[in-house]
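Participant: For reference, the sequence and a predicted model appear below.
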2 protein chains.
Amino acid sequence: MNRLENCRAILAGCNAQAMLCTSYHNKFYLSGLYSSSGYVLITQKQKYVIVDSRYYEEVRQNNRDAQVLLMTGEKTYDLLINGIIEEENIRTVGFEGDDLSYDRYRSLEKKLHASLVPIDINPIRAVKDAQEIETIQKACAIADEAYAHILNFVRVGMREDEVANELVHFMKQNGAMKESFDTIVASGVRGSMPHAKAGSKKIESGDLVTLDFGAKVGQYCSDITRTFAVGKAPDGELLKIYETVREAQQKGIEAVCAGTRFCDADRAARSVIEKAGYGEYFGHNLGHSLGINDHEDPRLSPTEEARMEAGMVVTVEPGIYVPGLGGVRIEDDVLVTANRPRVLTRSPKQLIVADKE
Amino acid sequence: MNRLENCRAILAGCNAQAMLCTSYHNKFYLSGLYSSSGYVLITQKQKYVIVDSRYYEEVRQNNRDAQVLLMTGEKTYDLLINGIIEEENIRTVGFEGDDLSYDRYRSLEKKLHASLVPIDINPIRAVKDAQEIETIQKACAIADEAYAHILNFVRVGMREDEVANELVHFMKQNGAMKESFDTIVASGVRGSMPHAKAGSKKIESGDLVTLDFGAKVGQYCSDITRTFAVGKAPDGELLKIYETVREAQQKGIEAVCAGTRFCDADRAARSVIEKAGYGEYFGHNLGHSLGINDHEDPRLSPTEEARMEAGMVVTVEPGIYVPGLGGVRIEDDVLVTANRPRVLTRSPKQLIVADKE
């Protein structure tokens, strides 16, 4: 199915004759427009893109299948949309309730000559096509290069935020438009905070360092986590934790397959961690879907009973976080296929000691 | 007035007995919490901060004036808020209609035992206190240093995005937590697009380059624009445009004073550009307010009749954009006082030629 057909399948399943896209991600997906401004309106008959003069020419060139309407001071978006509502006899317009602010909703409700109903159109983006997968693969390759670079760059005594700064600078020099999200660098005991931003803490010898980062290419994200040692390998329990997470991650990846329930992949990884006695220290989902947004649905959660489909891209990222001791997380981006999972991030997963004494 | 008194003044002016803050910026302003998670609830009697275990200790230490409530799987946020609603006999709760999504609004509406009304609480942040001004001043100083660095770094033949990458890397190395917004680098004819992101275009000798960027320090933004030449100075019309913008910006700055209407500052700058015959090529507002967000209200627009108050921080950023030729914009951050405006960004404004042939 192509993108418009997916939209129309959603329209057919709800009580609306048109969907109004207002989010960055869905407008980009349906028209190539990446802006807070502008609208994409999909009806059963036609695709409309409504933009101001800044975007008009480019959007027209990229949307030969659409009717592109120019908004101006006189021809405001509501006038243009009401024209379509009248022409196509639309009674109900679906809108993105998870994205549109209450105030903008109220404004639309007053201006448009149709009733509004919130609908979830994000599922149209769940299965990626060949070009999207290729773009995500590029974003993964840049993240892999950046990880290799950081292993050579990092030194005992460096601040976490210096490492993050170098990482992002390197990714941009190597083709990333930006980082997928604020880079996480958590060293030593800070590793027990799953989502610690890079801080001013200095990395000490013997610290485990968790890097969670990604590159954005053509608006598509990669998202990778590796945990490595600096100076010298840690001893005892942290080593056991590392190997447990690594095994759990491998089991999680192996469970990724078209037809499998998302919760079953979570279970495959989680049971390894539970058996090792760390169940209470793995407090988040196994992963999430990935695309234009760094976090997309469906999630690889204990309760998500939906089934994976070929062409979905998901993260597999188990972790163990022990307060006062530290933490380990390992994450790859994985393409769902009808057969073996295709792991898109390729960085090594054995425990590496950087800046070895 | 302190921050809570400002909140209560807003409550007194609307039909609500409590305000529920959900936005990053207002939660941070009122509690120091910078997260998508958590709530700040202000009533006439008390300030409540509702957070999960990740933030509880830190928020408690930073909010001695508040009652900090811990949300858990059992004590969900709606249970906690309904407890307050009952205890304080609250009938109506004001919420941030410009920030909260429709879906989250609907969920709150179903769960809370009070009626909800959208209110604008952003005005509490309009006048900055001494500590906020000091933080913005630091963010401005980093931007100034970065501009000086880029003038030495840029070379004919470099891509715009290379310049942007270096700029951001430098700011982070020198104390910025991140960039205020995606850096704008627009060279040559691209300068006629006021908000062009840095692209892959190479900078050519004779190009004017417009840099619009800022540093974020302690969550506060700076925002500066300079236009400079690379290789050699441009000739003819672009020089005239440069001097016109510079004069307009000076007039705009001189108009910034407590008691002045925002529209009058806009007029002071705009009339210089109109007199030079470029009125139609200055299509945006003169500027905006600045703080935790890179763009805050009130705006320095032709129609904003509110009056400036001492302690507000605004940008003054006139520009002239001629399609097919190029563009110039010059922007400073300016503190409103009862007397002379205090310009917080200090970078030179004469036309500089970098990498001179």
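Facilitator: Sure thing, it's come through.

Participant: tell me which element residue A:107 falls in.
Facilitator: Here residue A:107 sits within helix A:102-111, counting by DSSP states H and E.

Participant: how about the CA coordinates for that helix, as CSV?
Facilitator: Taking Å, rounded to 0.1, in the frame of the first residue of the first chain, the C-alpha atoms of helix A:102-111 are listed here in CSV:
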residue,chain,number,x,y,z
TYR,A,102,-5.8,22.7,22.7
ASP,A,103,-5.7,26.4,21.7
ARG,A,104,-5.1,25.5,18.0
TYR,A,105,-7.8,22.9,18.1
ARG,A,106,-10.3,25.5,19.5
SER,A,107,-9.3,27.9,16.8
LEU,A,108,-9.8,25.3,14.0
GLU,A,109,-13.1,24.3,15.6
LYS,A,110,-14.4,27.9,15.3
LYS,A,111,-13.1,28.5,11.8
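
Participant: Distance from it to the middle of the chain?
Facilitator: 29 Å (CA atoms, centre = their mean, to the nearest Å).

Participant: ok, now stretch A:76-87?
Facilitator: Relative to its parent chain, stretch A:76-87 has a centroid offset of 33 Å by CA atoms, centre = their mean.

Participant: State the mean pLDDT of it.
Facilitator: For stretch A:76-87, mean pLDDT rounds to 97.

Participant: buried sites along it?
Facilitator: Buried residues in stretch A:76-87, counted by 16 or more other CB atoms under 10 Å in any protein chain shown: A:77-78, A:80-82, A:84-85. C-betas here are computed from N, CA, C, even on glycine.

Participant: List of residues touching it?
Facilitator: Stretch A:76-87 has contacts (CB atoms under 8 Å, 6 or more residues apart in numbering or on different chains) with A:18, A:20, A:39, A:41, A:43, A:46, A:48, A:50, A:69, A:71, A:90, A:93, A:108, A:111-114.

Participant: change it to 10 Å
Facilitator: Outside of stretch A:76-87, the residues within contact range by CB atoms under 10 Å, 6 or more residues apart in numbering or on different chains are A:17-18, A:20, A:37-39, A:41, A:43, A:45-46, A:48, A:50-52, A:67, A:69-72, A:75, A:90-93, A:107-108, A:110-114.

Participant: hmm, back to that, show me what the helix holding residue A:107 is packed up against.
Facilitator: On a contact count with 3 or more CB pairs under 10 Å, 6 or more residues apart in numbering or on different chains; DSSP states H and E, helix A:102-111 meets helix A:77-87, strand A:92-96, strand A:115-119, strand B:92-96, helix B:102-111, strand B:115-119.

Participant: Quick one, which of those gets closest to residue B:346.
Facilitator: With CB to CB as the measure, strand B:92-96 is the member of these nearest residue B:346 (35.1 Å).

Participant: So what angle separates the directions of that closest one and helix B:77-87?
Facilitator: 140 degrees (axes from the mean of the first three to the mean of the last three CA atoms, to 10 degrees).

Participant: Tell me which residues are up against strand B:92-96.
Facilitator: For strand B:92-96, contacts defined as CB under 10 Å, 6+ apart pick out A:101-103, B:7, B:10-11, B:14-23, B:25-27, B:41-43, B:81, B:84-85, B:104-105, B:108-109, B:112-122.

Participant: Output the below-cut-off pLDDT ranges for the stretch 1-150 of chain A.
Facilitator: The stretch 1-150 of chain A contains residues with pLDDT under 70 at A:1.

Participant: Next, count neighbours for residue A:34.
Facilitator: 15 (other CB atoms under 10 Å in any protein chain shown).

Participant: now do residue A:327
Facilitator: The number of residues packed near residue A:327 is 25, by other CB under 10 Å.

Participant: With residue A:225 instead?
Facilitator: Counted with other CB under 10 Å, residues neighbouring residue A:225 total 25.

Participant: can I assume it is in contact with residue A:184?
Facilitator: Yes: Residue A:225 is within contact range of residue A:184, at 7.8 Å (criterion: CB atoms under 10 Å).

Participant: show me where the stretch 201-350 of chain A has strands.
Facilitator: For the stretch 201-350 of chain A, the strands defined by DSSP state E, counting those that start in this stretch cover A:208-213, A:215-217, A:220-221, A:224-230, A:287-289, A:296-300, A:313-316, A:319-322, A:326-329, A:332-335, A:342-343.

Participant: so what's residue A:245 up against?
Facilitator: A:225, A:227, A:269, A:272-273, A:276, A:278, A:282, A:317-320, A:327-331, A:349.

Participant: What of residue A:238?
Facilitator: A:191, A:206-208, A:227, A:229, A:320, A:322, A:325-328, A:351.

Participant: Can I get those residues in JSON lines including pLDDT and distance to residue A:241?
Facilitator: Shown next, in JSON lines, are those (pLDDT from 0 to 100; distance: CB to CB, whole Å):
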{"residue": "A:191", "pLDDT": "92", "distance to residue A:241": "10"}
{"residue": "A:206", "pLDDT": "95", "distance to residue A:241": "14"}
{"residue": "A:207", "pLDDT": "96", "distance to residue A:241": "14"}
{"residue": "A:208", "pLDDT": "97", "distance to residue A:241": "9"}
{"residue": "A:227", "pLDDT": "98", "distance to residue A:241": "9"}
{"residue": "A:229", "pLDDT": "98", "distance to residue A:241": "12"}
{"residue": "A:320", "pLDDT": "97", "distance to residue A:241": "5"}
{"residue": "A:322", "pLDDT": "95", "distance to residue A:241": "7"}
{"residue": "A:325", "pLDDT": "95", "distance to residue A:241": "8"}
{"residue": "A:326", "pLDDT": "95", "distance to residue A:241": "8"}
{"residue": "A:327", "pLDDT": "96", "distance to residue A:241": "8"}
{"residue": "A:328", "pLDDT": "97", "distance to residue A:241": "5"}
{"residue": "A:351", "pLDDT": "97", "distance to residue A:241": "11"}
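
Participant: Find the nearest non-adjacent residue to residue A:341, please.
Facilitator: With sequence-adjacent residues excluded and distances taken as CB to CB, 6 or more residues apart in numbering or on different chains, residue A:341 is closest to residue A:256, at 4.0 Å.

Participant: one step back: hmm, who's touching the helix holding residue A:107?
Facilitator: Outside helix A:102-111, the residues touching it (CB under 10 Å, 6+ apart) are A:20, A:22, A:39, A:76-79, A:81-82, A:93, A:95-97, A:100-101, A:114-116, A:118, B:95-106, B:108-109, B:116, B:118, B:120.

Participant: now the helices and strands packed on helix A:102-111 as TSV including distance to residue B:242?
Facilitator: Output for these, formatted as TSV (distance: least, CB to CB, whole Å):
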stretch	distance to residue B:242
helix A:77-87	35
strand A:92-96	43
strand A:115-119	48
strand B:92-96	41
helix B:102-111	46
strand B:115-119	44
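
Participant: Residue A:53 contacts residue A:75, doesn't it?
Facilitator: No: the criterion here is CB under 10 Å, and residue A:53 misses it with residue A:75 at 11.1 Å.

Participant: So between those two, which is more surrounded?
Facilitator: Neighbours were counted for residue A:53 and for residue A:75 using other CB under 10 Å; residue A:75 has more, 13 against 10.

Participant: Not counting its neighbours along the chain, what's nearest that one?
Facilitator: Spatial nearest neighbour of residue A:75, chain neighbours left out: residue A:69 (7.7 Å); criterion: CB to CB, 6+ apart.

Participant: returning to what we had before: inside strands: which ones of the contacts of stretch A:76-87?
Facilitator: Among those, the members found in strands (DSSP state E) are A:18, A:20, A:39, A:41, A:43, A:48, A:50-51, A:67, A:69-70, A:92-93.

Participant: can you pick the most crowded of the residues you listed?
Facilitator: Among the ones in strands among the contacts of stretch A:76-87, residue A:50 has the most neighbours (other CB under 10 Å), with 28 neighbours.

Participant: Tell me the buried residues in stretch A:244-255?
Facilitator: Here stretch A:244-255 shows A:244-253, A:255 as buried, counting by 16+ other CB under 10 Å.
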